[in-house]
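1. got a structure for you, letters missing:
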């Protein structure tokens, strides 16, 4: 019983056609399951998910609001987006200790958007990181 896909997710699958590159065992083209598949099948892989706590791009893709009155919702206690990230990525950290971690940062800055003629928060930061330097810097500081 797979829930109906959100429109932005279905559109990216169609536009980018990336599902054809995933193993057939990855159900319904879910990228989080692909990350799990990689970790399960290649014991040399170490990676981390890195994301801003109010990443506007990822949140729009998932249709989870992260901003209200130009400020991140987590500052006022709304943690829907953070809960989504934890629900999906913490289980991989538990399943693959020392090989998968997730890092959610609360930082953001304002930039001037000439289209709307005002400062808006810059919250575009997410991705999977595999470089060993990423881990050394985090554990050394």
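-> Received it, and whenever you're ready, just let me know what you need. Bear in mind the structure is a predicted one, so any value in this text is a computation, not a measurement.
2. name the helices or strands packed onto the helix ranked longest in the chain?
-> If each helix of the chain is counted by residues according to DSSP state H, the longest one is helix 80-95. Where contact means 3 or more C-beta pairs under 8 Å, 6 or more residues apart in numbering; DSSP states H and E, helix 80-95 is packed against helix 31-41, strand 47-52, helix 56-62, strand 100-105. Where you see a C-beta, it was placed from the backbone N, CA and C, and this is true even at glycine.
3. Can you pull the poorly scored residue ranges out of this structure?
-> Flagging of the chain using pLDDT under 70 yields the residue ranges 1-5, 70-71, 77, 107-111, 113, 118-127, 129-141.
4. mind running it again at 50?
-> Low-confidence segments of the chain, defined by pLDDT under 50: 1-2, 138-141.
5. contacting residues around stretch 7-21?
-> Counting by C-beta atoms under 8 Å, 6 or more residues apart in numbering, stretch 7-21 makes contact with 5, 29, 60-63, all of which sit outside it.
6. Report the buried residues of the longest helix of the chain.
-> By neighbour count, and taking 16 or more other C-beta atoms under 10 Å as the criterion, the buried residues in helix 80-95 are 81-82, 85, 88-89, 92-93.
7. That helix to strand 100-105, inter-axis angle?
-> Our comparison of helix 80-95 with strand 100-105, counting by axes from the mean of the first three to the mean of the last three C-alpha atoms, to 10 degrees, yields an angle of 150 degrees.
8. so helix 80-95 versus helix 31-41, what angle?
-> Here helix 80-95 points in a direction 10 degrees away from that of helix 31-41 (the same axes, to 10 degrees).
9. Weed out the non-buried ones from the contacts of stretch 7-21.
-> Going by neighbour count (16+ other C-beta under 10 Å), the contacts of stretch 7-21 have 29, 61-62 buried.
10. Tell me which of the helices and strands packed on helix 80-95 sits most buried.
-> For these, the largest average neighbour count (mean count of other C-beta atoms under 10 Å) is found in strand 47-52, namely a mean of 20.
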